[in-house]
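> no sequence on this one, just coordinates:
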């Protein structure tokens, strides 16, 4: 169960005491950790604290994490907790570190996870096709893909193609669109090498049709499938959401999978979980080991050196806060959190849909509802898209002036609309009711201003 405020206070005092004790005894401690690879799996205690306390401990000392010997606890706890999290989410055995083939790594953000996937995919593709020039390489995403796709292309000097999605398909990528794009681009001399598919897009909560996508990718085994589930992926902890999230297709066909525990997963920023089914595809692309980084354990291949799973050399001890949260909440606590958020979003959708001046513009997805303000049904003329967008920009501007709520806008194929996302642990139904009241008040003001003659 999560900590109460008073339990959090006591745990904070205890953390400070332990940190002080550590510094008081620092000179009597060995410089190098006196442990062997694999020690931590046998020693994990059953304590239950949470992410903020873990951050306090993790920032106590320099813990660069670039290889096992400098940070055995950080390295091993990351491998262990990422295996726990993978099993909790239903990911297959190939995604586990214990399989000695795949495994998980905690990246700072989903943008880092995607960038690492693109770098690894590019390296893999060019080894298979050494005659292809970088100018011909293509990253695939959609108009709903997070900006991480186009930013990866910008950073790496690559081209990004946004594949078409439609409102009729609930803004999800379909297999036939992917197949057609592959035929067009390869005929034109381009080389698509990675598709960034999404489970729960930012703008609409869309879920790309991974069954259809996987079927297409099977005929193109040189294309890397990265599944970005940064926001919605933690919903996989609930078995009832695994089918609509295409978990079976993920386990069968995805080269990499990402979800952010710092978004809806109860962990303090930053903690983006990334898993791969074949770790050598990461290390082949990212392994740079000068003499000063060589160790007997690394040379023997008996440990994970996470510097070869990421862009940076060093890394923070992020696994500690994930471990604290997993131990504190457990699987049932995670499930309860996710189900409560979805139930509250459904409550909001039900309330807002009963107000005639609001329109839900995409099917509610997990804990996200996307809607817009519309004129009263009694209006004699139907406004254009441009006029409705102007109305909703006015509405959003009005909402932004309210200190008790913060709402983000988005666009769906040119339609300006409002996102309402439930994710905080302490959100209750009373907060949903207050939000609806704010929307009604500011919506009425926006409509009144919009209807004023020019």
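Received it, and whenever you're ready, just let me know what you need. Quick caveat: nothing in here was measured; it's all calculated off a predicted structure. Numbers count the residues shown, from 1 in each chain.
> Assess the claim that residue 326 and residue 87 are in contact.
No. Contact criterion Cβ atoms under 8 Å: residue 326 and residue 87 do not qualify, at 10.7 Å. C-betas here are computed from N, CA, C, even on glycine.
> where does this structure dip in pLDDT?
1-2, 27, 31-32, 36, 39-54, 57, 59-61, 454 (pLDDT under 70).
> now the helices for it?
Secondary structure of the chain (DSSP state H): helices at 5-24, 51-58, 72-89, 110-128, 148-156, 175-187, 210-218, 247-253, 280-286, 296-300, 319-353, 385-400, 429-451.
> what's the neighbour count on residue 146?
Using other Cβ atoms under 10 Å, residue 146 is surrounded by 19 other residues.
> Looking at residue 326 and residue 87, which is more packed in?
Each of residue 326 and residue 87 has its neighbours counted (other Cβ under 10 Å); residue 326 has more, 22 against 15.
> Which residue is the nearest non-sequential neighbour of that one?
Leaving aside its chain neighbours, residue 326 sits nearest to residue 84 (5.8 Å; criterion: Cβ to Cβ, 6 or more residues apart in numbering).
> same check, this time on residue 141
Residue 141 sits nearest to residue 149 (Cβ to Cβ, 6+ apart), 3.8 Å away.
> Can you tell me how far that neighbour is from residue 424?
Separation of residue 149 from residue 424 (Cβ to Cβ, to the nearest Å) stands at 27 Å.
> Show me which of the two is the more surrounded one.
Counted by other Cβ under 10 Å, residue 149 and residue 424 do not tie: residue 149 has more neighbours, with 26 against 13.
> Surely that one touches residue 155?
No. With contacts counted by Cβ under 8 Å, residue 149 stays clear of residue 155, the gap being 11.1 Å.
> Relative to residue 168, how far out is residue 403?
From residue 403 to residue 168 the distance is 39 Å (Cβ to Cβ).
> Name the nearest residue to residue 402, sequence neighbours excluded.
residue 438 (5.9 Å).
> Kindly provide the distance from the one you found to residue 401.
Residue 438 sits 11 Å away from residue 401, going by Cβ to Cβ.
> Who has more neighbours out of the two?
For residue 438 and residue 401, the more surrounded residue by other Cβ under 10 Å is residue 438, and the numbers stand at 16 against 7.
> so what's the more buried one up against?
399, 402, 404, 405 (Cβ atoms under 8 Å, 6 or more residues apart in numbering).
> what are the phi and psi angles of the most centrally placed residue in the chain?
Compute the mean C-alpha point of the chain, and by Cα atoms, centre = their mean the closest residue is residue 230, 1.5 Å away. For residue 230, the backbone dihedrals (degrees, to the nearest 10) come out as phi -50, psi -50.
> Please look at it and residue 271 and confirm they touch.
No. Using Cβ under 8 Å, residue 230 is not in contact with residue 271, being 11.3 Å away.
> need the contact list for residue 311.
Shown in contact with residue 311 (Cβ under 8 Å, 6+ apart): 112, 115, 116, 119, 286.
> Over to residue 185?
With Cβ under 8 Å, 6+ apart, residue 185 has these contacts: 138, 161, 191, 192.
> beta partners of the third one?
Right, the one you point to is residue 191. residue 137 (DSSP bridges).
> contacting residues around it?
Per Cβ under 8 Å, 6+ apart, neighbours of residue 191: 125, 129, 132, 136, 137, 138, 185.
> And those, which is closest to residue 218?
residue 125 (16.5 Å; Cβ to Cβ).
> Name the nearest residue to that closest one, ignoring sequence neighbours.
Residue 125's closest residue in space is residue 193 (Cβ to Cβ, 6+ apart), at 3.9 Å.
> And for the one you found, the neighbour number?
25.
> same deal with the one 5 residues further on?
Here the neighbour count serves as a burial measure; for residue 198 (other Cβ under 10 Å) it reads 29.
> How about the one 3 residues further on?
Taking other Cβ under 10 Å as the neighbour definition, residue 201 ends up with a count of 30.
> State the pair within the contacts of residue 438 that is farthest apart.
Greatest spatial distance in those: 399 and 404, 10.4 Å, computed using Cβ to Cβ.
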